[in-house]
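predicted model and sequence follow; I will ask about them next.
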Amino acid sequence: MTPSSPSPLTPPPPIPTMPAVPTDFPRPDDAPPEGKAARFAELGAGRPARVVAVTSGKGGVGKTFVSANLAAALSRRGLRVLVLDADLGLANLDVVLNLAPQRTLHDVFTGGSVLEEALLPAPGGFTVLLAGSGLVEYSRLTPDLREQLFGVIEQVRPLFDVVLLDTGAGISDVVLYTISLADEVLVVATPEPTALTDAYATLKVLAHQQHRERLGLVINQVARSGDGRAIAAQLQAVVDRYVLPMTGHPVQLQLIGDIPADPAVREAVQRRELLIERLPGSPAAQAFGPLARRLAPD
């Protein structure tokens with residue numbers, strides 16, 4: 001932000017991430033090989049999923065925590081939800097959900113596994129497609145990686161109602177390409193100045209390069225009720241002042257939800273459990289119901 005832009009609010013405590021109890025989503029191993037294609041074709045009947053990228057300008061703001069708990073909250077509304085760990089090379093959704101996958105997105109990309117074998121039931125009633133960690137080959141956006149990412153997202157669209165892409169942080173070419181494959185974007189930030197500065201940079205790039213006219217905000221770790229609205233209004237003012245002249249079109253920031261700073265988050269994170277299952281009555285857990293309601297398809 002520039003010196004003349006509104007000053008951000010001051011932040012609160014902990015930083016999040018999550019997990020807890022399995023679903024009845026059919027495992028590929030539950031069916032004989034000849035039955036897998038038919039089973040997934042049957043699941044795919046209906047309209048394609050809404051694909052939502054969950055991203056952030058910087059790491060440590062609780063993006064994966066939001067993705068996992070939001071997925072569980074959407075599942076409670078009767079929706080078929082997939083979280084695809086798109087933080088390629090530095091994935092940690094498996095850690096958050098306390099899962100040990102036998103097959104990952106890397107296996108699908110390299111031909112070591114078919115897609116159905118890499119889809120894994122997760123705690124909270126949703127499905128995950130996990131990525132590998134420490135894989136330097138995914139640090140650059142190659143033509144092969146573009147094609148592979150696009151292909152996988154097109155394959156999973158018919159199988160689910162909502163697909164959440166848990167992207168990496170920042171504005172690398174891999175992150176931006178992944179976001180470009182989504183119908184909608186949620187930018188997660190905290191009230192601290194560095195997080196808001198990086199969130200603004202992300203919003204600016206998405207509005208300018210991807211011509212996004214509507215972007216969602218989730219403000220995590222707010223100190224008081226109303227802080228999320230105040231932060232969204234501040235960011236909107238900065239976007240109107242500096243991004244509109246650059247893009248030539250208005251950009252609407254929509255506050256999808258704010259999540260209060262809550263010691264229950266740290267407890268759930270340390271136990272590698274989903275907050276909304278571990279401590280469903282906690283203030284932060286309670287925030288995910290309204291968030292899911294606003295995001296759920298009509």
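Perfect, I can see it now.

how about the helices in the stretch 151-298 of the chain?
With DSSP state H, counting those that start in this stretch applied, the stretch 151-298 of the chain shows helices at 173-180, 193-209, 227-238, 244-247, 263-271, 275-278, 283-286, 288-295, listed in chain order.

out of those helices, which gets nearest to Ala72?
helix 275-278 (5.4 Å; Cβ to Cβ). Bear in mind the C-beta positions are built from the backbone N, C-alpha and C, glycine included.

distance of the most centrally placed residue in the chain from Pro280?
Nearest to the mean C-alpha position of the chain, by Cα atoms, centre = their mean, lies Val54 at 3.0 Å. Distance, Val54 to Pro280, using Cβ to Cβ, to the nearest Å: 21 Å.

please identify the most buried of the helices of the stretch 151-298 of the chain.
helix 275-278 (a mean of 24; mean count of other Cβ atoms under 10 Å).

where does the prediction get shaky in the stretch 51-200 of the chain?
Counting by pLDDT under 70, the ranges of the stretch 51-200 of the chain that qualify are 134.

now with 80?
Along the stretch 51-200 of the chain, segments meeting pLDDT under 80 span 89, 132-137.

surely Ala72 is within a strand?
No - going by DSSP: H, G, I helix; E, B strand; the rest coil, the assignment for Ala72 is helix, not a strand.

quick one: it and Arg278 touch, right?
No - when contacts are counted by Cβ atoms under 8 Å, Ala72 is not listed as touching Arg278 (10.9 Å).

circling back: in a markdown table: the helices of the stretch 151-298 of the chain, plus distance to Val136.
Formatted as a markdown table, the helices of the stretch 151-298 of the chain follow (distance: least, Cβ to Cβ, whole Å):
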| stretch | distance to Val136 |
| --- | --- |
| helix 173-180 | 12 |
| helix 193-209 | 24 |
| helix 227-238 | 34 |
| helix 244-247 | 34 |
| helix 263-271 | 27 |
| helix 275-278 | 32 |
| helix 283-286 | 35 |
| helix 288-295 | 34 |
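
hang on, the earlier thing: beta partners of the residue nearest to the centre of the chain?
Asp166, Leu186 (DSSP bridges).

OK, contacts around it?
63, 66-67, 70, 164-167, 186, 188, 218 (Cβ atoms under 8 Å, 6 or more residues apart in numbering).
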